[in-house]
Each structure stands twice: as C-alpha cells, then as structure tokens.
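# my questions concern the predicted model and sequence given below.
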Amino acid sequence: MRLTRLAVAAVLTVPLGVTTASAGPGPDPLPISVTTVLPAPALALPDPREAFPLVPDTVIVASGPAATVAGQLATAFRPATGFALPVVPDAQPGAITVRLTGGDSAEGYRLDIGDDGVELSADRAAGLFYGVQTLRQLLPPEIDAATPQDRDWVIPGGHIVDAPRFAYRGAMLDLARHFHTPDEIRRYIDQISHFKVNHLHLHLADDQGWRIQIDSRPRLTAVGGAPGTGVRGIGGGYLTKDDYRTLVAYAADRHVTIVPEIDMPGHVNAAQVAYPELTCDGVAPRPRTDIRVGYSSLCIGTDATRRFVTDVVRELAAMTPGPYLHIGGDEAHSTAHADYLAFEEWLLPLVAEYGKIPFGWQEIAQTPAARDAVVQYWNHEGDPGPTVASGAQVVLSPADKTYLDMQYDLLTPGGLHWAGTIEVDEAYDWDPAGLLHGVPEDRVLGVEAPLWSETLTDLADIEFQAFPRLPAIAELGWSPRATHDWESFRARLGAYGPRWKQQNVRFYESPQLHWS
Ligand code: TNX
C-alpha cells in the first residue's frame, strides 16, 4: 500500500465523475473518497480495493511529539465511535500509525490507507494535524456527533501526498465593531482549522471600541470596551491579557497563529475618547457607534502619540508569540498624506524593534519602510505600489472576493455590499497568482478572508457569513492550481453540508450547490 509503488501514476485530484446540474433534485450524494477532501489535496489516489474499518479495538500508534497529534485524533473520533482508541507506542499491524519523519516540510503530510492499516506521516506536527483534518473528512459526517452512533466506520482506501501552495492561509474577525467572546472565537478557530487555515487575524480596535487590555493605558478598555461600544450601541467588551493568552494557546494547539491588529493612524476614535491627548486639539471626540470610516486620525508627530503607540506596540508584542503584528494603516482619510508617510516610516521599524514583522493594509505600500512588511491588499485594481515592487510579501484579501461580510446576494440577511455581492463561485473563481499587476506568485505569502462585523453580533451571524465561502478561500490558499475546478469544488462543498449540520454550524445554503 505504499505510495512509492504508485507514484508513477501521478494523477491529480480533479476528476470526480460527478455532474452537478444547477436544477433538479441533484446527483446522488458524493461517495466519500480521498478525492472528496476540502481543500483539495495536492495528490490523491483512491484505491477502491482497499478500505480501513475502524473497530472497537483499533489502536493509534504514536510516540514522542507525534503522540500529541495522535491524542487529538483519538479525542476527535472517540465520542461518535464510542471506541477507546488508545494511543500506544509500539508498532502493530491493523493500527492507525501517526509518525514524524525527518524532512523539512513545514506543513505537508502523507496518508496511506489500506486494509492492513492507516499510516499518517509528516515532517512536523502541523503536517500531522492537517492529516488528521483530512482523515476526519474520510469518515461520514456522524463522526462529529457528540455521542456514540450505531453505525460502521470505514475509511476509504487510497493515498494522499499533500502540502500547501501558500504559507499564509488566514481568516479575520473584527472584535471592534461588535465584540466576539473568547468562546465564539474558539469555535471559529475550530471551524477554520478544519480547512487547514493557519492564521487568525484579530481586528482589536477601531472607531467604535477598543477590545484588548493594555496595562499602561487602562482607559482604553475601561472606556473603549464598556457596554454600549458596539455598532448601534449593541454590546461591548474586551479581551483581558489572560483571555488573549488563552486564545493564543488554543489556536496554537490547532496550528493557528494569532495576528493581532491595532489600526492606526485612522480608525482611532475609541482611543481618542479614552485619551484625548491623541487628538491635535486635545479635546475628546464623542463616542461613535455608527459605521462611517475615515474621519479619525492620531495627531502625527507629537510626543503623546509616540508614547501611546510605543506603549501599545510594546505590550501587544510581548503578549503575542506569533511573528506578526498588524498596524492597520487603511482608510486614513483624515491624516495628511505627508503625515501618513512620516508616521509609517516611524511605526514600521518600531514594530520590528519589538521583534515582530509589521503587517499592514495596502495603503502602507506607499512608504519605503513597507519593503520589510507584509502588505495586505483589499483592492486589487491599479498599481500595487513601489514597495511591493521592491520586495514586500503580500497577502491577498480582495474585497470583492474574500470579504465574508459582503452579502451573498441582495436578499440575504446581514452583511454589507459596498464591494458587491459575493456568491460561492465568485469567492472561488480567481487565482492568487497574477491578481496584482506585476506581482509574481513567489511574492504572495497567501490569502486571507476578513469578516468585518458592522452587521454581525453573534456566532450564528459569523457562521452564516463565513460558511460556505471560507472553504473557497482556504482552497485557494492550500490547493495547487492544477486542482482548481469549480465543478469538483461545488460537489465537494455541497457534500460538506451534512457535516456543518452535524456540528450545529449555521451556514448559507447557497442555491449554487447541491447540499447532499
Ligand atoms: C473596509 S478595506 C474596511 C473596514 C470596514 C469594511 C466593511 C479595509 C481595510 N477596511 O474598515 O469594516 O470595509 O466591509
């Protein structure tokens, strides 16, 4: 059952033999196979002669660091199967073997499934974790049930050799417009990690509210996180440092890195309400809970602003183990252009001084200092800017394709439509390579799907906007271009519906798909 015997038949994942007409009762449910996984694996070879039945005495073989991921696999499969699934160190036939191999693939993994066992191998723990996400999809949706199900559990035979196309696959939550609780954020982390998304960007401050504890500036959260600071005065709240650290650790267990954002020099009204010295006239502006943008700006070049920004960057860097610190930089319409450039020239190196790679929205690409930053594009039209040409890495979040807060169509509840409406095919049908004029694939660090929360208050709202479009962006970030195929994607995505139902995830039942 080793793949090496089959490697000559290098077949990519696309053909499914399924036709999905847009009307009528739809095709039979897609049979689960190594070719039905979301996002599409780089290489998937089904072997219909083989299959691995999970039975009451199945064991998981793993030792050393691999045992941690093996434990996650056991934890995922125990409730629905009711099997003990012990993790044991010694190799044995008929087991699920999870092992680390000696290479340097950061996130790749390989899965070999036959009658005589399952072998999941990877060079690093992240790869093993992604292999577990794949394995979960090779069992029926009931595998996510919380209590034992009376049914057989069979993993279809075949081989997968998989690795991501891009290193950065992101999602974003906006805690500023409406606060999302740590429990809601954890639930979102669970969901995105099923699709091998590996970064969660948290937009932690904006005109309406400030959502992260900063010890040296207690009024930020006392005032900016108070009840009534959500859009239309709904909600409020903030993450304490403990909340944040707990979230970072929870995400890390799922191989998700938190990217914190404090948006500057615009989008700062909440900070100025708490600390009026950040305005040029020293007068506190009124609190704002409307959804206008572009009216607030830090007063550039003052000691008060420099001290404030330094305090925030220092504390945020200290509580963030991940490599990135996002400083916003978008829509600073009330900052004079020269001030904007001077501010970014000062701020981006400051972030680096505190040990983090600066990350910012595309507007920062106007300043030479952005050459050492990650530049996040929300508008892909026009010239990407001089610093990108000179070496910056880019993350692509084109608003008309990846902004999950855009409505699906003008009738779907919730969401905005300033960048248009985005149905599932529009979220899927683009290529991160070549999207930005003159920016080659090797400059693209990855893709991210932001979810702004002007119109969203609770987890049900978040899930409805994110699913089923998030997997489209996840697949663009993970899967090789050769697997890109709308018919294949829509069949696999439609077959995922029962899994969300099983998990009580509220999703939009797009008419473009057959929800089998
Ligand atoms: C644009 S484009 C924003 C946010 C809004 C969002 C709403 C960009 C970086 N910023 O301030 O919340 O649109 O869709």
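Okay, I see it.
# ok, and for stretch 499-513, which residues are buried?
Within stretch 499-513, the residues that qualify as buried are R499, W500, Q502, Q503, V505, R506, F507, Y508, S510, Q512, L513, counting by 16 or more other CB atoms under 10 Å. Just so you know, the C-beta spots here come from the backbone N, C-alpha and C atoms, and that holds for glycine as well.
# looking at these, which are in helices?
Of these, the ones assigned to helices by DSSP state H are R499, W500, Q502.
# from A472, how far out is whatever residue of the stretch 251-400 of the chain ends up closest to the ligand?
At 3.6 Å from the ligand, D330 is the closest residue in the stretch 251-400 of the chain, using CB to the nearest ligand atom. Noted for D330: a distance of 23 Å to A472, by CB to CB, to the nearest Å.
# A51 too?
Distance from A51 to A472, by CB to CB: 30 Å.
# quick one: which of those two has more around it?
Neighbours per residue, other CB atoms under 10 Å: of A51 and A472, the larger number sits with A472, 27 against 15.
# am I right that E261 is in a strand?
Yes - under DSSP: H, G, I helix; E, B strand; the rest coil, E261 sits within a strand.
# beta partners of it?
Using DSSP bridges, the beta-bridge partners of E261 come out as H203, H326.
# wait, it touches D206, no?
No - counting by CB atoms under 8 Å, E261 does not reach D206; the two are 9.5 Å apart.
# hmm, back to that, enumerate every residue touching the residue of the stretch 251-400 of the chain closest to the ligand.
D263, G266, H267, G360, W361, Q362, E363, W378 (CB atoms under 8 Å, 6 or more residues apart in numbering).
# that older thread, which one's more surrounded, E261 and D206?
D206 (31 against 28).
# what residues are up against that one?
D174, A176, R177, D263, H267, N269, A270.
# out of the contacts of D330, what pair is the most spread apart?
H267 and Q362 (14.7 Å; CB to CB).
# what about these two, which has more around it?
Between H267 and Q362, H267 has the larger neighbour count (other CB under 10 Å), namely 27 against 24.
# mind telling me what element A171 is part of?
Under the criterion of DSSP states H and E, A171 resides in strand 168-174.
# need the residues that contact that strand.
For strand 168-174, contacts defined as CB under 8 Å, 6+ apart pick out 180, 185, 188, 192, 196-203, 206, 259, 374, 395, 397, 405, 445-454, 462, 466, 470, 473-474, 477-478.
# direction included, what does that strand pair against?
Paired neighbours of strand 168-174 in the sheet (DSSP bridges): strand 199-203 (parallel), strand 444-451 (parallel).
# mind giving me a markdown table with those and columns for distance to T75?
Shown next, in a markdown table, are these (distance: least, CB to CB, whole Å):
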| stretch | distance to T75 |
| --- | --- |
| strand 199-203 | 21 |
| strand 444-451 | 27 |
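# contacts only, for the closest residue to the ligand within the stretch 401-516 of the chain.
In the stretch 401-516 of the chain, the residue that lies nearest the ligand is W452 (3.5 Å; CB to the nearest ligand atom). Applying CB under 8 Å, 6+ apart, we find W452 in contact with D174, R177, H203, Y403, D405, L416.
# repeat for E277
Per CB under 8 Å, 6+ apart, neighbours of E277: T302, A304, F308.
# highest neighbour count among the residues you listed?
Ranking the contacts of E277 using other CB under 10 Å puts F308 first, with 23 neighbours.
# quick check: closest non-adjacent residue to that residue.
Spatial nearest neighbour of F308, chain neighbours left out: L278 (5.9 Å); criterion: CB to CB, 6 or more residues apart in numbering.
# tell me how far that neighbour lies from L220.
Counting by CB to CB, the gap from L278 to L220 is 11 Å.
# go on, G236?
Between G236 and L220 the computed distance is 13 Å (CB to CB).
# flag every buried residue along the lowest-mean-pLDDT helix or strand in the chain.
For the chain, using mean pLDDT, DSSP states H and E, the weakest element among its helices and strands is helix 386-389, scoring a mean of 72. By 16+ other CB under 10 Å, the buried positions in helix 386-389 come out as T387, V388.
# after it comes which helix or strand?
As assigned by DSSP H and E, the chain's next helix or strand after helix 386-389 is strand 393-396.
# does the ligand sit close to that following strand?
No - Strand 393-396 lies apart from the ligand when judged by CB under 6 Å from any ligand atom; the minimum separation is 11.9 Å.
# brilliant, that's me finished.
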